[in-house]
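Undergrad: fold the stuff below for me.
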Amino acid sequence: MKQYIRDGKRLVESSGSIPHVDILVLAAHNDDEMFPAGYLLNHIKKRKKVGVAVATDGAGSNYNRLPSHKLTPLRTDESRTAIEKLGGSFFIGYQHLSDYIKSPDGNDAFANQLVNVINRACPSTLLVQSPFENHPTHLWTTRAGIAAARRASHRIARVKGYEVWSPLHGLVMAEREVLDSETVKQKARLQRFYKSQNEANDY
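TA: From the prediction side, this is the model:
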């Protein structure tokens with residue numbers, strides 16, 4: 001596990017206590033966390049604080065220029081850089097294997113790790129990947145997040161889903177975030193920090 005906490009303009013590796021945030025973002029893989037960047041940027045402009053937790057080690061990426069043991073630190077640093085530029089207050093990369101997250105025992109243990117984060121960060125909103133996704137690791141990560149929200153002593157006011165892997169055909173959009181042109185440009189700039197994934201996937 002890697003934990004980074006904001007110190008001035010930087011997110012620095014730290015084992016200290018994580019700060020309180022308004023929004024906690026849960027993602028399965030490094031780069032998933034930036035898909036709702038427009039929503040996050042809009043709220044950061046309102047002085048809301050954001051924390052991010054990423055479940056897996058990212059070693060199963062289609063990016064084949066590096067072996068898995070070198071890919072994990074690269075993808076973690078890509079997330080750290082992007083979240084830093086976003087204005088995030090903290091970033092925790094759990095670096096679990098995808099198979100661990102998709103196993104009942106591993107998923108339960110990960111949910112308990114998230115309970116600890118929720119109780120320490122005290123977010124009012126939890127963002128999870130849509131429960132209508134097609135990607136199994138995304139679905140299992142969302143399952144852990146929802147279980148953690150139910151178990152935590154801190155009561156989260158809102159749990160919201162964001163889409164990464166599959167289009168939301170047939171779903172009623174309960175809330176639509178309006179992005180101005182500058183926010184769209186900021187989101188595009190943030191997504192460029194994930195160089196390995198931009199090369200591996202045709203985003």
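Undergrad: OK, contacts around residue 198?
TA: Contacts for residue 198 (C-beta atoms under 8 Å, 6 or more residues apart in numbering) come out as 191-192. C-beta here means a position set from N, CA and C on the backbone, and glycine is covered the same way.
Undergrad: again, 10 Å this time
TA: Neighbour list for residue 198: 31, 63, 78, 191-192 [criterion: C-beta atoms under 10 Å, 6 or more residues apart in numbering].
Undergrad: and residue 44, by the same measure?
TA: 22-23, 37, 50, 86-89, 186.
Undergrad: same question for residue 38.
TA: 162, 177-180, 183-184, 186-187, 190.
Undergrad: the residue nearest to it when sequence neighbours are not counted: what secondary structure?
TA: Among residues not flanking residue 38 along the chain, residue 179 sits closest, at 4.4 Å (C-beta to C-beta, 6 or more residues apart in numbering). Following DSSP: H, G, I helix; E, B strand; the rest coil, we place residue 179 in the coil state.
Undergrad: I figured residue 179 was touching residue 40, is that so?
TA: No. Applying C-beta atoms under 10 Å, one finds residue 179 not in contact with residue 40, separated by 11.0 Å.
Undergrad: re the thing from before, which of the contacts of residue 38 sit farthest apart?
TA: Using C-beta to C-beta, the pair of the contacts of residue 38 lying farthest apart is 162 and 180, separated by 19.1 Å.
Undergrad: on that earlier part again, got any residues that touch both of residue 179 and residue 40?
TA: Joint contacts of residue 179 and residue 40 (C-beta under 10 Å, 6+ apart) are residue 187.
Undergrad: isn't residue 115 right next to residue 149, touching?
TA: Yes. Applying C-beta under 10 Å as the test, residue 115 and residue 149 come out as touching, 8.6 Å apart.
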